[in-house]
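Undergrad: here is my input, please return the structure:
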Amino acid sequence: MARSKYQDLRDMDVNELETRLTEVKQELFNLRFQHVTGQLDNFARLGQLRKDVARMNTILRQHEIEAFEAAAGAEGASRG
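TA: Sure thing, here's the model as predicted:
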């Protein structure tokens, strides 16, 4: 059974995810440019990339929240 795209992204660390996000945004920019100039053949790819960007942003935000909660938990335990 194939792993979901979400799970593959979830397994990446923050640096890998940010690098991949930059690459996807660049590809999305290029496709938008092709669309405006009338050279784009695969319009469905635009939607796929937009969803990928949203997934990556969601996972990055989840990592931020987890890090904040871990720091807050450690701070609370040290006050104990």
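Undergrad: can you show me the helices along the chain?
TA: 5-11, 14-37, 44-79 (DSSP state H).
Undergrad: report pLDDT for the residue nearest to the spatial centre of the chain.
TA: When CA atoms, centre = their mean is applied to the chain, the residue found nearest the centroid is Met56 (1.2 Å). Predicted confidence (pLDDT) for Met56: 96.
Undergrad: who are the contact partners of the nearest residue to it once chain neighbours are set aside?
TA: With sequence-adjacent residues excluded and distances taken as CB to CB, 6 or more residues apart in numbering, Met56 is closest to Leu21, at 4.5 Å. Bear in mind the C-beta positions are built from the backbone N, C-alpha and C, glycine included. Neighbouring residues of Leu21 by CB atoms under 8 Å, 6 or more residues apart in numbering: 53, 56-57, 60.
Undergrad: next one: Asn57
TA: Per CB under 8 Å, 6+ apart, neighbours of Asn57: Leu21.
Undergrad: if I look at it, how far off is Glu23?
TA: 14 Å (CB to CB, to the nearest Å).
Undergrad: before we move on, what about Ile65?
TA: Ile65 is 24 Å from Glu23, by CB to CB.
Undergrad: before we move on, what about Glu16?
TA: Using CB to CB, Glu16 is found at 11 Å from Glu23.
Undergrad: ditto for Gly76
TA: In terms of CB to CB, Gly76 sits 38 Å off from Glu23.
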